[in-house]
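Colleague: I need the structure of the sequence given here:
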Amino acid sequence: MNIDTRRIPPNIMLYRMLGLEAALGVLALLLAWVFGIYLPAAFSGGWLTATGWGILATLPLLLMMVWFERSRLDWVIEIRGFVEQKLIPLFDGISAGGIFLIALFAGVFEELLFRGVIQVGLESALGLWPALLLASLLFGLAHAMTLTYFLITTLMGLYLGGLYAWSDNLLIPILAHFLYDWAVFARLLRKGASK
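Modeller: This is a model prediction of the structure:
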C-alpha cells in the first residue's frame, strides 16, 4: 500500500481518519441488520469486570510495542522505518484529543465490525476456529500496508478475536484495541513532535 505523506492539514487528516472509522461502524450496523446479528448480545456480563479484563488484556499488546521499539531484528527495523517515514507524518499536528478520538473510534467500530459482526456471523456458519481465522485475516487485510504489517495485524486480530471468544463480551477487545491504539498513536505523536 502506498501512503501519500504530502502535507494534509491536521484537522482534515483527523476528519478523514474519524470518517473512515465511523464508516466501518455504519458497515457493522448494516451487516448486523442484514444478517440478523443482535449486537447488544455481544456485551454480556458485568461492565466493571469487562473493563478490568479489557485493561489487563492491553498489557501484552503494550509489551509487544516496547519489544518492537527495542528489537534489532531486521524485519522489525524495517517496520519501524516504515512507521517513521509513512505513519508518523499522518499524525503530525493532530491534537492529543484528536489522537484519543481516533483510537476510540478504531477500538469501537473496528471491533464491532470484525469481532461483533464478521466473527459472530462466520462462527454461526463455520464454527469458532474458522471464523476466528477468517475474521483475523480480514482484519489484517484491512491494515495491510506491508506484508509484515499484515502478518502482525492478523496476529493481533487473532488475539482480539480470542479475547472475545473467551469472554463473550465485546467490551474486552474494544478496550484492549482502544487503549493499545491510544498508546501507540500518542507515542507516534511524541515522536513526530521530537523531529
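Colleague: any idea which helix or strand comes after the worst-scoring helix or strand of the chain on mean pLDDT?
Modeller: Lowest by mean pLDDT, DSSP states H and E among the helices and strands of the chain is helix 88-91, with a mean of 83. Downstream of helix 88-91, the next assigned helix or strand under DSSP states H and E is helix 96-105.
Colleague: would you mark the buried spots in the lengthiest helix in the chain?
Modeller: In the chain, with assignment by DSSP state H, the single longest helix is helix 10-35. For helix 10-35, a neighbour-count test (16 or more other C-beta atoms under 10 Å) marks 13, 14, 17, 18, 21, 24, 25, 28, 29, 31, 32 as buried. Where C-beta positions appear, they are placed from N, C-alpha and C, glycine not excepted.
Colleague: for this structure, give me the ranges with low pLDDT.
Modeller: The chain contains residues with pLDDT under 70 at 1-6, 191-195.
Colleague: returning to that earlier point: okay, buried residues for the least confident helix or strand of the chain please.
Modeller: Quick answer for helix 88-91 (16+ other C-beta under 10 Å): 88, 89, 90, 91.
Colleague: which other helices and strands contact that helix?
Modeller: In terms of contacts (3 or more C-beta pairs under 8 Å, 6 or more residues apart in numbering; DSSP states H and E), helix 88-91 is packed against helix 10-35, helix 171-194.
Colleague: can you redo those helices as CSV with distance to residue 77?
Modeller: Below are the helices and strands packed on helix 88-91 laid out as CSV (distance: least, C-beta to C-beta, whole Å):
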stretch, distance to residue 77
helix 10-35, 26
helix 171-194, 15
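Colleague: quick one: which of those helices is nearest residue 66?
Modeller: Residue 66 sits nearest to helix 171-194 of all these, at 10.0 Å, using C-beta to C-beta.
Colleague: which helices and strands does that closest one pack with?
Modeller: Using 3+ C-beta pairs under 8 Å, 6+ apart as the contact test, the elements touching helix 171-194 are helix 47-70, helix 88-91, helix 96-105, helix 111, helix 147-167.
Colleague: just say which of those is most tucked in.
Modeller: Highest mean neighbour count of the helices and strands packed on helix 171-194: helix 111, a mean of 30 (counted as mean count of other C-beta atoms under 10 Å).
Colleague: roughly how far is it from the heart of the chain?
Modeller: From the chain centre to the centre of helix 111 is a distance of 7 Å (C-alpha atoms, centre = their mean, to the nearest Å).
Colleague: and for that helix, what's in contact with it?
Modeller: 160, 164, 170, 173, 174, 177 (C-beta atoms under 8 Å, 6 or more residues apart in numbering).
Colleague: which among those residues gets closest to residue 150?
Modeller: Residue 150 lies nearest to residue 160 out of these, by C-beta to C-beta, at 15.4 Å.
Colleague: thought residue 173 was touching the closest one, still the case?
Modeller: Yes: contact criterion C-beta atoms under 8 Å: residue 160 and residue 173 qualify, at 4.1 Å.
Colleague: just to revisit the earlier point, and the longest helix of the chain, what does it pack against?
Modeller: If contacts are counted by 3+ C-beta pairs under 8 Å, 6+ apart, helix 10-35 sits against helix 88-91, helix 96-105.
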